[in-house]
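A.B. asks: here is my input, please return the structure:
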Amino acid sequence: MRLNLLKTSAFVLAPAVIVVAGCGGRVSASGATGAGGLRIHASAEQIDTNGNTRYSATLASGEPAKVIWSVSGGDPSSGTGKITAEGVYTPPSYLTQESATVSVNAMLAGRIGDSDTISETAQLTITPGFLQPLTPGNLSLGPGGTVTVSGSMTEVGGNGGIRFTLASDTAGTPGAAGTLSESRCVRGSIKASNPAYTSCSVTYTAPAVMPISSSIFILGSVASNPAVSWTRILLNAGGISSNPVAHQARLAVPVQLGSSSGNNSDYDSSLGQLSDCCGGTLGSLLQDAAGTQYVLSNNHVLARSDQSIPGETIIQPGLIDNGCTPYGFGPGTTPVATLTGYPSLNSPTTNVDAAIARVTPGAVDPKGNILELGARQPDGTLSPAPPGISSTGGKGEQPALGMTVAKSGRTTGLTCASVSAINVDVVVDYYTDCAETAHALTKTFTNQIAIAGASFSDAGDSGALVVDTTNAEPVGLFFAGGTDDHGIEQAIASPVSEVLAALDTQILAGGQQTSYSFVGGQDHPVSCLNYGTPRAIDEATTVAAMSTSERERAEAALPMAQSLLNPAAGIVRVGITANKDYPGHAAIAVYVEPGAITSIPASIGNIPTVVLPANTQSVEPTNLTQPRTASMNQVLAAKQRNAAALLKTNPALFGVGVGQSLNNPADAALVFFVDRKKIAGALPETVEGQRVHIILMDRLHVTRSHGSPTHSMSTCRLGASDDGFNSSLQQLFEDSIPLPR
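C.D. replies: So this is what the prediction gives:
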């Protein structure tokens with residue numbers, strides 16, 4: 001999950017620039033038909049500048065036609081775009097107007113020059129897309145607080161702009177909490193081969209009174225483009241003001257942790273020019289037995305996924321926040337450490353994604369202060385603070401299911417969520433380039449931590465330290481994530497015990513070996529900025545959406561479920577409901593009286609059971625913080641026996657862990673992380689009689705940021721002030737810098 005996987009809907013990645021693509025539009029069911037019977041089919045009839053569409057042709061008989069493709073029309077400045085021999089059309093990278101029309105022509109092969117040439121033409125509408133999503137992507141405001149939100153679109157000149165609206169969700173439901181100013185747009189002009197795109201900003205003011213904390217969204221849309229980008233604002237009655245843009249800035253030395261960082265050589269090149277670059281988070285501070293200090297982050301952030309050698313320079317901020325300009329080839333970064341070592345990802349014995357770099361004297365805060373990890377200050381901002389180490393001697397805590405944790409990262413700043421699964425085995429892909437075109441390896445990690453929460457993490461947060469919010473003690477090292485089908489971020493972190501153990505095995509220069517611990521201070525609480533938790537299942541909606549076959553399957557098991565009825569034990573009736581652990585599937589509802597203590601089997605007649613309150617006015621018996629110990633032990637054992645085989649035999653399954661059942665929170669469940677694009681056939685609803693909780697999502701990605709060369713840091717993240725906004729626009733998209741040698 002790099003910067004191409006942001007909080008946006010209907011987006012895809014275009015090469016070489018930070019883009020969020022709108023791939024909406026109508027699907028052509030029939031296509032155009034010419035007089036000669038030639039028929040054109042398109043996967044979409046409207047796309048934006050970051051998308052593409054595939055064309056095919058058939059004869060009147062329906063048989064595939066071999067044709068020669070060509071395009072005409074398009075934008076008067078940027079041209080027509082391109083179409084391959086296979087019919088894949090890619091639009092120009094920008095437009096000079098709000099839309100352009102391209103004519104796609106198919107000519108039957110072998111008929112060129114004949115008097116009876118057979119051809120057909122289809123029309124395609126192109127609109128500008130997002131160049132830069134709305135930034136910041138998330139933030140927190142107290143009563144009366146203000147923030148400026150900005151974005152860029154791939155239109156040069158013209159009269160278009162980004163339309164900003166307030167909404168209560170990402171679907172666009174109108175929201176009235178606070179106000180938006182009029183938007184301001186600055187339109188650039190073409191300079192050499194790099195155009196200066198249209199950039200817009202809007203100022204949001206929070207309500208003066210907030211009785212409770214809630215979220216509001218600023219949505220950004222472009223003309224008729226169906227793609228939407230958004231900023232999530234946490235309105236909090238506590239008056240906390242938190243903006244992750246501060247984590248992306250160049251900090252004064254000694255720099256604090258939780259900030260943007262990366263390897264000075266973490267860039268891709270093309271034709272002697274930098275084409276893109278990467279960055280992550282300067283996570284925390286370690287010290288060895290001799291007291292020498294090191295910064296800790298991920299291997300893929302500091303060591304470029306095993307490609308680095310000790311001695312390479314680590315900078316703050318990372319290249320992603322300095323227009324891809326390396327230290328020594330332009331201003332904007334500070335060398336803060338020198339890469340020391342890392343457990344190799346290629347090694348089958350390595351079970352963490354971690355690397356350390358020896359601190360340059362005076363460059364990093366020696367107390368290990370992490371941005372926003374401290375107390376609220378009079379102006380509403382959160383002070384920096386070190387992690388807590390007083391109760392563990394700098395060795396950190398073990399994770400626990402349901403534990404509330406926080407992390408301070410480059411992209412989303414300080415965020416909180418809950419541990420949703422432990423003992424997780426996950427499969428993660430690694431690439432040798434920032435653009436993720438050159439696959440390096442696929443690695444399976446075991447005994448990892450899963451954390452679920454809205455806006456908890458995003459691309460660029462890689463390397464952030466995960467801490468217990470009750471005492472700020474280190475718990476995990478964040479390295480991978482993805483978004484599930486409810487829009488919830490599913491984050492993966494390595495337990496700090498595993499990280500320290502792996503680092504302790506590294507042999508230092510001179511053949512020496514040492515032991516590492518976290519640099520920190522007294523245990524202390526962390527202000528919890530929780531942008532949302534996994535939403536509850538809407539029973540009425542899911543039951544209505546249940547297929548006939550699923551309903552029939554449950555009905556067949558209903559007579560057997562009658563045997564569960566036991567009024568004396570509090571089980572008063574049974575019925576059919578939706579499976580909360582496996583969306584779209586049926587379950588047997590078992591209704592129990594409040595306070596009833598009884599054991600409900602995980603399934604009956606091969607249909608999972610769901611425990612529900614008999615009295616609709618009572619609290620549903622799902623508010624347990626922890627599953628029963630006996631159930632946890634049984635599921636842990638089942639997971640250990642089956643995880644490896646499950647991951648090996650099912651290509652859609654890329655993670656197996658131990659969490660809590662939604663059907664009956666008194667029970668633990670095996671948590672399956674499933675690739676929603678590869679799922680085929682039914683997944684097991686139980687394993688060895690234990691419950692299974694299915695999470696449908698995109699595959700996990702390592703989470704460093706990925707962007708393109710620009711002139712200055714401000715071009716990657718537009719400033720919030722008028723001066724910063726305008727000056728950044730003046731510098732947008734200068735000529736690419738030469739490749740350092």
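
A.B. asks: ranges for the strands of the stretch 251-400 of the chain?
C.D. replies: All strands of the stretch 251-400 of the chain, identified by DSSP state E, counting those that start in this stretch, fall at 259-263, 267-270, 273-282, 284-287, 293-297, 313-316, 334-341, 355-359.

A.B. asks: how far off centre is the longest one?
C.D. replies: The offset between the C-alpha centroid of strand 273-282 and the centroid of the whole chain comes to 17 Å, using Cα atoms, centre = their mean, to the nearest Å.

A.B. asks: which elements pack onto it?
C.D. replies: Using 3 or more Cβ pairs under 8 Å, 6 or more residues apart in numbering; DSSP states H and E, the elements in contact with strand 273-282 are strand 259-263, strand 267-270, strand 293-297, helix 299-302, strand 705-707. Backbone N, C-alpha and C define where each C-beta goes, glycine included.

A.B. asks: kindly recompute the last result at 7 Å.
C.D. replies: strand 259-263, strand 267-270, strand 293-297, strand 705-707 (3 or more Cβ pairs under 7 Å, 6 or more residues apart in numbering; DSSP states H and E).

A.B. asks: could you export it as PDB, CA atoms only?
C.D. replies: This file holds the C-alpha atoms of strand 273-282, laid out as PDB (Å, rounded to 0.1, in the frame of the first residue of the first chain):
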ATOM      1  CA  GLN A 273      15.800  11.200 -14.900                       C
ATOM      2  CA  LEU A 274      14.200  10.400 -11.500                       C
ATOM      3  CA  SER A 275      10.800   8.900 -12.300                       C
ATOM      4  CA  ASP A 276       9.500   8.400  -8.700                       C
ATOM      5  CA  CYS A 277      10.700   8.000  -5.200                       C
ATOM      6  CA  CYS A 278       9.600   6.400  -1.800                       C
ATOM      7  CA  GLY A 279       9.500   7.300   1.800                       C
ATOM      8  CA  GLY A 280       8.200   6.100   5.200                       C
ATOM      9  CA  THR A 281       8.300   6.900   8.900                       C
ATOM     10  CA  LEU A 282      11.200   7.400  11.300                       C
END
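
A.B. asks: for it, which positions count as buried?
C.D. replies: By neighbour count on 16 or more other Cβ atoms under 10 Å, the buried set for strand 273-282 is 274-282.

A.B. asks: what is the nearest of those to residue 615?
C.D. replies: Nearest to residue 615 out of those is residue 281 (Cβ to Cβ; 48.1 Å).

A.B. asks: could you identify the most distant pair in the buried residues of strand 273-282?
C.D. replies: It's 275 and 282 that sit farthest apart of the buried residues of strand 273-282, by Cβ to Cβ, at 24.7 Å.

A.B. asks: got any ranges where this structure has weak pLDDT?
C.D. replies: 1-36, 111-116, 192-194, 507-511, 533-545, 597, 616-625, 703-741 (pLDDT under 70).

A.B. asks: for it, which helix is longest?
C.D. replies: If you go by DSSP state H, the chain has its longest helix at helix 629-649.

A.B. asks: alpha carbons of the strand or helix carrying residue 492, in PDB - could you do that?
C.D. replies: Element membership for residue 492, per DSSP states H and E: strand 489-495. Output of strand 489-495 as PDB, limited to C-alpha atoms (Å, rounded to 0.1, in the frame of the first residue of the first chain):
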ATOM      1  CA  GLU A 489      -7.900   0.000   7.300                       C
ATOM      2  CA  GLN A 490      -6.500  -3.400   8.300                       C
ATOM      3  CA  ALA A 491      -3.000  -2.800   9.600                       C
ATOM      4  CA  ILE A 492      -0.300  -5.400  10.200                       C
ATOM      5  CA  ALA A 493       2.500  -4.900  12.800                       C
ATOM      6  CA  SER A 494       5.300  -7.100  14.100                       C
ATOM      7  CA  PRO A 495       5.400  -7.600  17.900                       C
END
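
A.B. asks: sheet partners, orientation included, of it?
C.D. replies: strand 439-453 (antiparallel), strand 474-483 (antiparallel) (DSSP bridges).

A.B. asks: can you give me the neighbour number for residue 649?
C.D. replies: Residue 649 has 8 neighbouring residues, counting by other Cβ atoms under 10 Å.

A.B. asks: with residue 643 as the reference, measure out to it.
C.D. replies: 11 Å (Cβ to Cβ, to the nearest Å).

A.B. asks: what's the answer for residue 239, then?
C.D. replies: 45 Å.

A.B. asks: between the two, which has more neighbouring residues?
C.D. replies: Neighbours around residue 239 and residue 643, counted as other Cβ under 10 Å, are more numerous at residue 643. The numbers are 23 against 16.

A.B. asks: hang on, that one packs against residue 425?
C.D. replies: Yes. If you go by Cβ atoms under 7 Å, residue 643 and residue 425 touch, sitting 4.7 Å apart.

A.B. asks: shared neighbours, these two?
C.D. replies: residue 656 (Cβ atoms under 7 Å, 6 or more residues apart in numbering).

A.B. asks: show me which positions of stretch 164-180 end up buried.
C.D. replies: Neighbour count says stretch 164-180 has 164-167, 170, 172, 175, 178 buried, by 16+ other Cβ under 10 Å.

A.B. asks: residues in contact with that stretch: which ones?
C.D. replies: With Cβ under 7 Å, 6+ apart, stretch 164-180 has contacts from 9, 183, 202, 204-207, 214, 216-220, 230, 235, 487.

A.B. asks: straight-line length of it, end to end?
C.D. replies: 8 Å (Cα to Cα, to the nearest Å).

A.B. asks: who wins on neighbours among the contacts of stretch 164-180?
C.D. replies: Most surrounded of the contacts of stretch 164-180: other Cβ under 10 Å gives residue 220, at 27 neighbours.

A.B. asks: quick one: list the elements packing against the strand or helix carrying that one.
C.D. replies: In the assignment (DSSP H and E), residue 220 maps to strand 214-222. In terms of contact count using 3+ Cβ pairs under 7 Å, 6+ apart, strand 214-222 is assigned the packing partners strand 130-135, strand 146-153, strand 162-167, strand 228-235.

A.B. asks: try it again at 10 Å.
C.D. replies: Applying 3 or more Cβ pairs under 10 Å, 6 or more residues apart in numbering; DSSP states H and E, we find strand 214-222 packed against strand 130-135, strand 138-141, strand 146-153, strand 162-167, strand 198-205, strand 228-235.

A.B. asks: adjacent strands (with direction) for that strand?
C.D. replies: So strand 214-222, judged by DSSP bridges, has these partners: strand 162-167 (antiparallel), strand 228-235 (antiparallel).

A.B. asks: which one of those lies nearest to residue 346?
C.D. replies: Among these, strand 228-235 sits nearest to residue 346 (Cβ to Cβ), with 36.7 Å.

A.B. asks: give the next helix or strand downstream of that closest one.
C.D. replies: helix 245-248.

A.B. asks: can you list contacts of that following helix?
C.D. replies: The contact list for helix 245-248 (Cβ atoms under 10 Å, 6 or more residues apart in numbering) reads 135-136, 139, 147-148, 256-260, 279, 281-282, 317-318, 320-322, 371-372, 381, 408-414, 460-461, 464, 705, 713, 716-720.

A.B. asks: any quick ChimeraX command for the buried ones out of those residues?
C.D. replies: Applying 16+ other Cβ under 10 Å to those leaves a buried subset, and the ChimeraX line that selects it is:
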select :135,136,139,147,148,256,257,258,259,260,279,281,282,317,318,320,321,322,371,372,408,409,410,411,412,413,414,460,461,464,705,713,716,717,718,719,720
